[in-house]
Each structure stands twice: as structure tokens, then as C-alpha cells.
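J.: Build the 3D model from these lines:
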Amino acid sequence: MQIARDNYAQYANMVQQMFGNKKKSNAPLAQCDYGNFALRFKPVDIKFTKPNWDNIMTKRDKPAMSEEEFEEAIKELARKEFSTRKRDDAAYRKLCMQHGETVSLDRKAIYESSMKKTGGKMNAACMFWDNNGNKTLSYNPESRNWKAISTDEEFARARVFTSIYNDELARLKKEYGENAKGTVSYQQIQSDLTSGTKVASASVVGGTVDYMI
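T.: Numbers count the residues shown, from 1 in each chain. All right, here's what the predicted structure looks like:
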């Protein structure tokens, strides 16, 4: 489940259900009250997996690419999917994350700040908030998985990504036909793009020369 601003309560209930009758014990896991803001700095003795920031959306020192490079990379993903009829989920997720990080919160800094206050232990809420009280990052103590809780800005950025991706797929379907997906090679698509650029350039030059004459 992808945690969003409007479904964390559902996710919290699911985690609490995982605890079962453990809440009556003295086990560290039973000390958790998932998503309880009041417990955000209360340390508990839960063994946890530290976040891998290569796989979690957070603010970076600089964007992975320029806006123009992002747009071209997204289109390239679409072209490869069109040519193979397969989605490269790993490449899609990574590029989508990098694209979104241009508007991301500094979740790493938020996490590290919280850890200083708990002495390096997991907090009893298993969740991390920014200075404005917004949920930013959560930890599932059962599965030991981390989830970034998307902001409105990140959702909007993701829609831009999806729009570019889908628009390129639509362009390819229009150019090669609805049933061409998986039959046109990536090399052919690249060759056609290059040829199209050359034709367009020649047309502009020719038009200018004719006008000058």
C-alpha cells in the first residue's frame, strides 16, 4: 500500500491489527502506537532496518537532471515500453523518484533530527513529521519497510511525469498504429525520430532561402 495524506489511518489500523494480542505484552513492538503524534520522540527498543535513501524520495543536493533531460528520459522510457510491450518497473520507479525529488521534503534531515532526540532509537509512533506537523516518512515495524508519505507538491509532480509518459505513448500509437506496440523496434523509433528532425531542419532552411531569393 502506498501511504498518502488521506489513507495513513487505514494503514495504521492495518499495522495495529498485525500486533494482535502483543499489545498486552512488554515486547518492544507492543510499545508502539503507529502514527501517534504525541509519541514522535518517545524511544522504544525495536530493532529496525535503517532507511536506504537510494530508494526513498528525499531532497538531494542537486537534481539528477535538468528539466529538458528529465522530459527526454521519460519519453525514452515510453519508447522502450512501446517497442518491447513491457514496463521496466525498476527504471520507471527510479526515474519517477528522481523527477519527484526536485520538490521533495528533506526526509533524511527530518529522520536524522528525530533520531538525535530518541538517542538513535525508533520512536513509538514509527513515523516522522516535519516542523509543520506533516507526516513525511513511516516505518512498518512488522515488515521493516519504509514509506515516504507524499506531499501535495510531490503528487502534482508525479502527474507531470505520468502526463509526459502517456503523451509519448499516445504519439507512438498515432504514428505507428494501435496494434504496433511490441512490433516496432526501439532502433526504428530512434531512427524515425532522427529522420524527422533532419526533415524539419531542411524544411526550415529551404523556406528561409526561398524567402530571401
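J.: and the protein, what are its domains?
T.: 8-182, 184-213 (automatic domain parsing).
J.: same question for the first one, mean pLDDT?
T.: Yep, that's domain 8-182 we're talking about. What domain 8-182 shows for mean pLDDT is 91.
J.: Counting residues, which strand of the chain comes out longest?
T.: strand 135-140 (DSSP state E).
J.: Partner strands of it, with direction?
T.: strand 127-129 (antiparallel), strand 145-148 (antiparallel) (DSSP bridges).
J.: Can you tell me which of those strands is packed in deepest?
T.: Of those, the one with the most neighbours on average (mean count of other Cβ atoms under 10 Å) is strand 127-129, at a mean of 22. All C-beta atoms are positioned from the backbone trio N, CA, C, and that covers glycine.
J.: what does that one rub up against?
T.: 34-35, 37, 40, 107, 110-111, 114, 135-139 (Cβ atoms under 8 Å, 6 or more residues apart in numbering).
J.: Return the closest of those with respect to Leu172.
T.: Arg107 (35.4 Å; Cβ to Cβ).
J.: Quick one: residues contacting the closest one.
T.: 56-59, 128, 136-137, 148.
J.: Please indicate which of these are buried?
T.: By neighbour count, with 16 or more other Cβ atoms under 10 Å, these hold 56-58, 128, 136-137, 148 as buried.
J.: Of the domains of the chain, which stretch is the most buried?
T.: domain 8-182 (a mean of 15).
J.: Check the buried ones among the contacts of Arg107 and tell me the two furthest apart.
T.: Met57 and Phe128 (13.3 Å).
J.: I'd like the buried ones among the contacts of Arg107 written out as TSV, with distance to Gly196 added.
T.: As requested, the buried ones among the contacts of Arg107 are arranged in TSV below (distance: Cβ to Cβ, whole Å):
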residue	distance to Gly196
Ile56	39
Met57	35
Thr58	39
Phe128	48
Thr136	44
Leu137	44
Ala148	39
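J.: Please verify my assumption that Ala148 contacts Leu137.
T.: Yes. Ala148 is within contact range of Leu137, at 5.9 Å (criterion: Cβ atoms under 8 Å).
J.: shared neighbours of the two, anything?
T.: 56, 107.
J.: quick check, nearest of the contacts of Arg107 to Ile74?
T.: Once Cβ to Cβ is applied, the member of those that ends up nearest Ile74 is Met57, at 16.3 Å.
J.: Find the centremost residue of the protein, please.
T.: Met97 (3.4 Å; Cα atoms, centre = their mean).
J.: On the three-state scheme, the residue nearest to it when sequence neighbours are not counted is what?
T.: Closest residue to Met97 apart from its sequence neighbours, by Cβ to Cβ, 6 or more residues apart in numbering: Met57 at 5.1 Å. Classification of Met57 by DSSP: H, G, I helix; E, B strand; the rest coil places it in coil.
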